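# Predicted model follows, preceded by the sequence.
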Amino acid sequence: QVTLVESGGGLVQAGDSLRLSCTAPVRAFSGYAMGWFRQAPGKERQFVAAISWSGTSRHYAESVKTRFTIFRDTSKNTVYLQMNSLKPEDTAVYSCAAAFKLDVVGSAYHYWGQGTQVTVSS
C-alpha cells in the first residue's frame, strides 16, 4: 500500500496564499508524474495542476494557471502547490496523486493521498 501525505491546508481569507505539500515514498515519487486535484462539496473532482517526473513539464487548470504553481523537490520526495490570490471558489479538499505519465485525468493516477482541506473565506 502506497500512501501519499498532504499537508498545508487551512482556513484563509480571499487574496491570501497557501502552500500545500505532498510527500510520497520513493517508489511512488521517483519517475512518477505528480498531480493535484480538488473536490468541493457536491461537485466532481477537478484537475488543478500536474508536473512531470523531471519537473520540466507542467499543466494547469485554466482557473488557476495565473495564481497557482506546482513544483517538486526530488531530494525530499515532495511536490508542492503554491496557491496565491486565493478565492472562495478555491475552497475544496485538495489531494495529490502519482501517475506513470503526466496527465490531467484523475483515472490516470495510481496513488492518492487522503486530502487536505482548503477553505477560503470572502
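That came through fine. Treat the numbers as computed from the prediction; the structure is a model and nothing was measured. Numbers count the residues shown, from 1 in each chain.
# most centrally placed residue in the protein?
Nearest to the centroid of the C-alpha atoms of the chain, with distances taken as Cα atoms, centre = their mean, sits residue 36, at 2.5 Å.
# For it, which non-adjacent residue is spatially closest?
residue 48 (4.3 Å; Cβ to Cβ, 6 or more residues apart in numbering). C-beta coordinates here come from the backbone N, C-alpha and C atoms, glycine included.
# Can you tell me the element the one you found falls in?
strand 46-51 (DSSP states H and E).
# Counting neighbours, which bits of that strand end up buried?
Across strand 46-51, burial judged by 16 or more other Cβ atoms under 10 Å covers 47, 48, 49, 50, 51.
# Next, work out how far apart the fourth one and residue 100 are.
Put plainly, it is residue 50. Distance, residue 50 to residue 100, using Cβ to Cβ, to the nearest Å: 12 Å.
# list residues touching both of the two?
Jointly contacting residue 50 and residue 100 under the rule Cβ atoms under 8 Å, 6 or more residues apart in numbering are residue 33.
# Now stretch 83-98: average pLDDT?
Averaged over stretch 83-98, pLDDT sits at 98.
# same check, this time on stretch 103-121
Here the average pLDDT along stretch 103-121 is 96.
# And it, end to end?
For stretch 103-121, the first and last residues are 30 Å from each other (Cα to Cα, to the nearest Å).
# Start at 14, not 1
Got it, the first residue is 14 from now on, which makes the last one we talked about stretch 116-134.
# Number of residues surrounding the closest residue to residue 125 other than its chain neighbours?
Once flanking residues are discounted, residue 125 sits nearest to residue 110: 4.8 Å by Cβ to Cβ, 6+ apart. For residue 110, the count of nearby residues is 24 (other Cβ atoms under 10 Å).
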